[in-house]
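S.K.: Build me a model from this:
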Amino acid sequence: MSKNMAASMPSASRIFTKETLINGRPTQTEHIKIGKQTFSIERGLLTVVRLEDEWYEDIDEPQAVTRALQENLGFKPDLFTFWQRMPDVEPKYAYYQESEDLAVLPVTTYEHWWNHQIKSRVRSQIRKSEKDGVVVRETVYDDDFVHGMTAIFNEAPIRQGRKFWHYGKDFETVKRQFSRYLFREHMIGAYYQDEMIGFMMLGDAGRFGLTGQIISSLKHRDKSPNNALIAKAVEVCAARKVDYLIYVFWSDDSLAEFKRRCGFQKVSIPRYYIPLTWKGEFALKCDAHRGWRAMLPQSVKKPLKQLRGIWNGLRQK
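M.R.: Model prediction:
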């Protein structure tokens with residue numbers, strides 16, 4: 001490598017910390033800057049580095065990032081991982097890869113979604129929601145919106161069979177924690193008799209919209225506010241010429257059925273893993289790089305989830 005080429009290669013900065021939310025709790029996490037991009041550091045049995053905002057940014061130069069991590073004298077992670085963002089689904093790199101399954105809704109027009117992409121049950125639910133008086137509109141992140149969020153968060157400590165991360169938070173906490181990414185989010189609210197009964201914080205990831213936070217009031221779920229929120233998100237994406245709406249990851253639970261009825265499809269994108277130490281190499285060989293939860297077969301995960309739901313239900317009584 002020539003001196004000029006070496007001088008142009010990005011180098012890794014010193015590790016620094018910043019506050020983020022993990023499982024709903026503010027946590028100081030470690031980061032490192034390589035070139036112009038910021039990467040998060042996850043420590044455990046393995047130390048893993050990944051692009052901090054991988055939903056919103058493409059990796060610039062994975063080979064250069066790998067070299068910078070390998071040549072950093074003060075920090076030796078075990079694995080570097082990155083993925084390709086939608087709609088870039090065809091593998092471009094020769095590194096070891098696995099599929100990451102996303103819930104993706106292709107968006108053309110609202111009319112096409114309404115007539116051809118959703119189930120008749122969803123259309124009926126949205127019509128009923130409108131007939132019941134639910135109004136869904138784009139809004140702003142102001143005190144009224146945050147008061148509505150806080151009320152919804154504090155309805156119940158258990159949601160979908162598990163402890164709800166945001167239960168018990170007061171207005172000021174919610175306002176502070178959810179204001180971090182307003183520069184790239186659109187607020188959508190569902191209202192019934194002037195009360196916010198559901199909301200979505202729709203992330204703008206450039207080539208797609210991302211359902212970052214979508215939640216509704218338990219006492220008003222008979223009015224199908226989540227269906228109405230998805231409908232509005234499709235309308236917003238279509239109006240802004242955004243080609244895809246992504247409801248984060250695909251799964252095999254009841255939420256997957258909701259996504260399927262609303263027109264979302266499972267789309268697999270490549271995620272790459274680059275080992276940087278012998279531990280990283282060993283983890284890839286024995287499939288331990290995704291953590292112990294990912295190693296459990298579905299035949300084990302499903303009854304464990306059912307037991308967790310039963311236990312949390314008993315605790316709530």
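
S.K.: wait, Gly203 sits on Tyr181?
M.R.: Yes - between Gly203 and Tyr181 a contact is recorded at 7.3 Å, counting by C-beta atoms under 8 Å. (C-beta placed from N, C-alpha, C; glycine too.)

S.K.: and for the two, which residues touch both?
M.R.: Shared contacts of Gly203 and Tyr181, defined by C-beta atoms under 8 Å, 6 or more residues apart in numbering, are found at Gly212.

S.K.: Of those two, give the one with the bigger neighbour count.
M.R.: Comparing Gly203 with Tyr181 by other C-beta atoms under 10 Å, the one with more neighbours is Gly203, at 19 against 13.

S.K.: quick one: contacts for the more buried one?
M.R.: Contacts for Gly203 (C-beta under 8 Å, 6+ apart) come out as Trp55, Tyr56, Tyr181, Arg184, Glu185, Gly209, Leu210, Thr211, Gly212.

S.K.: Val134 against Tyr191, yeah?
M.R.: Yes - with contacts counted by C-beta under 8 Å, Val134 reaches Tyr191, the gap being 7.0 Å.

S.K.: Which neighbours do the two have in common?
M.R.: Shared contacts of Val134 and Tyr191, defined by C-beta under 8 Å, 6+ apart, are found at Ile197.

S.K.: the more surrounded of the two?
M.R.: Neighbour comparison, Val134 and Tyr191: the larger count goes to Val134, with 23 against 18 (by other C-beta under 10 Å).

S.K.: Enumerate the beta-bridge partners assigned to that one.
M.R.: Counting by DSSP bridges, Val134 is bridged to Tyr192.

S.K.: Most neighbours out of the contacts of Gly203, which is it?
M.R.: When neighbours are taken as other C-beta under 10 Å, the top entry among these is Gly209 (25 neighbours).

S.K.: For Pro62, which non-adjacent residue is closest in space?
M.R.: Closest residue to Pro62 apart from its sequence neighbours, by C-beta to C-beta, 6 or more residues apart in numbering: Phe82 at 5.8 Å.

S.K.: Contacts only, for that neighbour.
M.R.: Phe82 is in contact with Arg50, Leu51, Glu54, Ile59, Pro62, Val65, Arg271, Tyr272, counting by C-beta under 8 Å, 6+ apart.

S.K.: shouldn't the last one be in contact with Val65?
M.R.: The reference is to Tyr272. No - using C-beta under 8 Å, Tyr272 is not in contact with Val65; the gap is 11.1 Å.

S.K.: the more surrounded of those two?
M.R.: Using other C-beta under 10 Å as the criterion, Tyr272 and Val65 rank with Val65 on top: 23 against 20.

S.K.: you'd agree that one is in a helix?
M.R.: Yes - residue assignment for Val65, taken from DSSP: H, G, I helix; E, B strand; the rest coil, places it within a helix.

S.K.: okay, it: pLDDT?
M.R.: Per-residue pLDDT puts Val65 at 95.

S.K.: Tell me how far it lies from Val136.
M.R.: Distance of Val65 to Val136, given as C-beta to C-beta, to the nearest Å: 41 Å.

S.K.: and what of Lys128?
M.R.: Computed as C-beta to C-beta, the Lys128 to Val136 distance reads 13 Å.

S.K.: mind checking the SS state of the residue sitting nearest the centre point of the chain?
M.R.: Centrality entry for the chain: nearest residue to the mean C-alpha point is Val248, 4.7 Å, by C-alpha atoms, centre = their mean. Classification of Val248 using three-state DSSP returns strand.

S.K.: How about the contacts made by it?
M.R.: Each residue near Val248 by C-beta under 8 Å, 6+ apart is listed here: Leu102, Ala103, Leu210, Thr211.

S.K.: what number of residues lie near Glu52?
M.R.: Residues near Glu52, counting by other C-beta under 10 Å, number 19.

S.K.: Would you confirm that it contacts Ile34?
M.R.: No - with contact defined as C-beta under 8 Å, Glu52 does not reach Ile34; the gap is 10.8 Å.

S.K.: mind listing the helices for the stretch 151-300 of the chain?
M.R.: Applying DSSP state H, counting those that start in this stretch to the stretch 151-300 of the chain gives helices spanning 171-177, 225-239, 254-261, 278-285, 292-295, 298-316.

S.K.: repeat for the stretch 1-150 of the chain
M.R.: For the stretch 1-150 of the chain, the helices defined by DSSP H, counting those that start in this stretch occupy 3-8, 62-71, 110-112, 120-131, 143-153.

S.K.: What is the burial count for Ile269?
M.R.: 19.

S.K.: Next, the distance between the ends of stretch 61-78.
M.R.: Stretch 61-78 stretches 19 Å from its first residue to its last (C-alpha to C-alpha, to the nearest Å).

S.K.: cool, and stretch 152-170?
M.R.: One end of stretch 152-170 sits 11 Å from the other (C-alpha to C-alpha).
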